[in-house]
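1. sequence? don't have it. structure:
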């Protein structure tokens, strides 16, 4: 992949989450997602598409965690539905592979902690709770 900007924005988002700078993390995530949208899936070789999918999933997970910390539950739920819908719809195991890779690199714990905290400490509406609980269960696996 010639342009490393989405990857860099994703890494910056992870660092911002670690530093508890959630607005900046959302900004980096949004930049990465906008940059990734410039790559039409049909015109890319399989390895490039797999890398783009990985970055997109990571970025969405970081943005979900950031939105939850900022108490922007509707936006977190929307991203959660994208992650679950796109990730599980493929059925090829790539979504779980991304989660495993994030876990091995220590990147998944941040998201998982925020999800757990949000599900226990805040009163969320039923649909948001359902989606976030489903995502938390996947991350725990």
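-> On my side now, so go ahead. It should be emphasised that the depicted structure is a prediction, and the values quoted were computed from it without experimental measurement.
2. wait, isn't residue 140 in contact with residue 111?
-> No: judged on Cβ atoms under 8 Å, residue 140 makes no contact with residue 111 at a distance of 11.2 Å. Quick note: C-beta positions are derived from backbone N, CA and C, even for glycine.
3. So the two - more neighbours on which side?
-> Legend: neighbour count by other Cβ atoms under 10 Å for residue 140 and residue 111, higher for residue 111 (25 against 10).
4. Is the more buried one part of a helix or strand, or is it coil?
-> helix (DSSP: H, G, I helix; E, B strand; the rest coil).
5. Show me what counts as buried in the helix ranked longest in the chain.
-> Counting residues, the longest helix found in the chain (DSSP state H) is helix 46-69. Residues of helix 46-69 classed as buried: 49, 52-69 (neighbour count, 16 or more other Cβ atoms under 10 Å).
6. for stretch 87-94, same thing?
-> Across stretch 87-94, burial judged by 16+ other Cβ under 10 Å covers residue 87.
7. List of residues touching it?
-> With Cβ atoms under 8 Å, 6 or more residues apart in numbering as the contact definition, stretch 87-94 has outside contacts at 50, 53, 54, 57, 95, 98.
8. Quote the end-to-end distance of that stretch.
-> 8 Å (Cα to Cα, to the nearest Å).
9. how far does that stretch sit from the chain's center?
-> A distance of 15 Å separates the centroid of the chain from that of stretch 87-94, by Cα atoms, centre = their mean, to the nearest Å.
10. Stretch 61-73 now?
-> Using Cα atoms, centre = their mean, the mean C-alpha position of stretch 61-73 is found 10 Å from that of the whole chain.
11. swap in stretch 82-89?
-> In terms of Cα atoms, centre = their mean, the centre of stretch 82-89 is set 11 Å apart from its chain centre.
12. likewise stretch 77-86?
-> Averaging C-alpha positions (Cα atoms, centre = their mean) puts stretch 77-86 9 Å from its chain's average.
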